[in-house]
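> only geometry, no sequence info:
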Ligand code: FNR
Ligand code: LAC
């Protein structure tokens, strides 16, 4: 297991067809899924030489918390499909790696149980429910048990059309639950089984999630939770500015890993415009197709405070639970450290915009 792609192949051999299709797949023709990856590859690093890199510091700061390197764990739903320990394994791996896990609303473990197992800061990813009362209650639980930020996802008013899930009639097996939905109103905790030609996830989310998300919700989430809010799923400068004007502390440049609008712009291409528009008014993060330490370096050069990775952690989980997820994070950390050394950067702040074309 030399790299993330080795973990991906091994995970594909281990997972059942429906779980693999759900994790690996994207929307439509999966153009954006491929482009996310390819766009990082197309960027070239103008590395520096004749710099003393004997001592390197890969660490950075995310909303005030020191992390070991500029990489966080993106929110991904239903991690118990990958391994019985699911979200608990991921949060322990995050702690061991010295980074932050973003915990999904659609987790198969309750947000309290994930927080209780955490040894590093955790952020909570929010899907706003149609039932605003239940959403507010969930946010109060998030704040009460010690999450330090809310990541509001805005690119999924409806779920993208994922043909792999439709072909597989994907649904969550009945022994697993959408744990936070159970607390928010038990009828929704079990995902409806899907008939042929349906995705159970689409049915679940349509019954539960609010389609009407506006910039005012950024302010609302901040007021209800009392926590900094990052807005996730933005690929345009004007949207990023609107979010920041409504109180966002951060932007996550993301197209949901190619799972929502197919043909959406690759995130590596969208990042510079957002970073330029926001400057230092808020923190900018990016996800989508990050698979190599050099991708992390490119993202930082283009203005990201840090990247997030989604699927790589799921591959690690599927291969070997907490240990597998830890190995994936360790690989990416050591690749990033080497990329810094070979590009003449002893610190993260030495990674500048001119280093990428
Ligand atoms: C996701 N993503 C996601 N995003 C979110 O805001 N809430 C969620 O519950 C989920 N669930 C989810 C499940 C699975 C299986 C995947 C693959 C992705 C999107 C995720 O946070 C992130 O944007 C992408 O995964 C980043 O792309 P990579 O790293 O997977 O290429
Ligand atoms: C997904 C949702 C749950 O991408 O965010 O599957």
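Okay, I see it. Here the structure is a predicted model, which is why all the values come from computation and not from measurement. Ligands and ions are numbered 1, 2, ... in the order given.
> any idea how far the residue of the stretch 151-300 of the chain found nearest ligand 2 lies from residue 155?
Scanning the stretch 151-300 of the chain for proximity to ligand 2 using CB to the nearest ligand atom identifies residue 259 as nearest, at 4.5 Å. Where you see a C-beta, it was placed from the backbone N, CA and C, and this is true even at glycine. Here residue 259 is placed at a distance of 9 Å from residue 155 (CB to CB, to the nearest Å).
> the more surrounded of these two?
Set side by side, residue 259 and residue 155 show more neighbours around residue 259, with 25 against 20, by other CB atoms under 10 Å.
> Surely that one is in contact with residue 158?
No. With contacts counted by CB atoms under 8 Å, residue 259 stays clear of residue 158, the gap being 11.9 Å.
> any idea what sits nearest residue 228, other than its immediate chain neighbours?
residue 249 (3.7 Å; CB to CB, 6 or more residues apart in numbering).
> For that neighbour, list the residues it contacts.
By CB atoms under 8 Å, 6 or more residues apart in numbering, the contact set of residue 249 is 63, 149, 228, 229, 230, 282, 283.
> and with 10 Å instead?
63-64, 149-150, 218, 222, 227-231, 243, 281-283 (CB atoms under 10 Å, 6 or more residues apart in numbering).
> Narrow those to those in helices?
Secondary structure defined by DSSP state H assigns 218, 222, 243 of the contacts of residue 249 to helices.
> Please list only the buried members of those residues.
Taking 16 or more other CB atoms under 10 Å as the criterion, what is buried in the ones in helices among the contacts of residue 249 is 218, 222, 243.
> ok, the residue lying closest to residue 106 once chain neighbours are set aside to ligand 2 distance?
Nearest-residue entry for residue 106: residue 77, 3.6 Å, with adjacent residues in sequence omitted and distances by CB to CB, 6+ apart. Distance, residue 77 to ligand 2, using CB to the nearest ligand atom, to the nearest Å: 4 Å.
> Residue 148 too?
Distance from residue 148 to ligand 2, by CB to the nearest ligand atom: 21 Å.
> likewise residue 136?
For residue 136, the distance to ligand 2 (CB to the nearest ligand atom) stands at 21 Å.
> Next: residue 75.
From residue 75 across to ligand 2, the span is 8 Å (CB to the nearest ligand atom).
> So that residue: helix, strand or coil?
For residue 75, the assignment made with DSSP: H, G, I helix; E, B strand; the rest coil gives coil.
> pLDDT of stretch 196-216, averaged?
On average, the pLDDT along stretch 196-216 is 91.
> Is ligand 1 within reach of it?
No. Stretch 196-216 lies out of reach of ligand 1 by CB under 6 Å from any ligand atom, never closer than 9.3 Å.
> list the buried ones in that stretch?
Buried residues in stretch 196-216, defined by neighbour count with 16+ other CB under 10 Å: 198, 199, 200, 201, 202, 203, 204, 205, 208, 209, 213, 215.
> you'd agree the fifth one is up against residue 156?
No. Residue 202 sits out of contact with residue 156 when judged by CB atoms under 10 Å, with a separation of 11.0 Å.
> Where does pLDDT dip in the protein?
Scanning the chain for pLDDT under 70 picks out the ranges 183-188.
> quick one on the thing from earlier: of the contacts of residue 249, grab the buried ones for PyMOL.
Command for PyMOL that selects the buried part of the contacts of residue 249, burial taken from 16+ other CB under 10 Å:
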select buried, resi 63+149+150+218+222+227+228+229+230+231+243+282+283
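> mind checking the SS state of residue 303?
With three-state DSSP as the basis, the three-state label of residue 303 is coil.
> Pop out the phi and psi values for it.
When read as degrees, to the nearest 10, the backbone of residue 303 gives phi 110, psi 0.
> check which helix or strand covers the closest residue to it other than its chain neighbours.
The shortest distance from residue 303 to any non-neighbouring residue, by CB to CB, 6+ apart, is to residue 275 (2.6 Å). In this assignment (DSSP states H and E), residue 275 forms part of helix 267-278.
> wait, isn't the residue nearest to residue 303 in contact with residue 250?
No. If you go by CB under 10 Å, residue 275 and residue 250 don't touch, sitting 11.8 Å apart.
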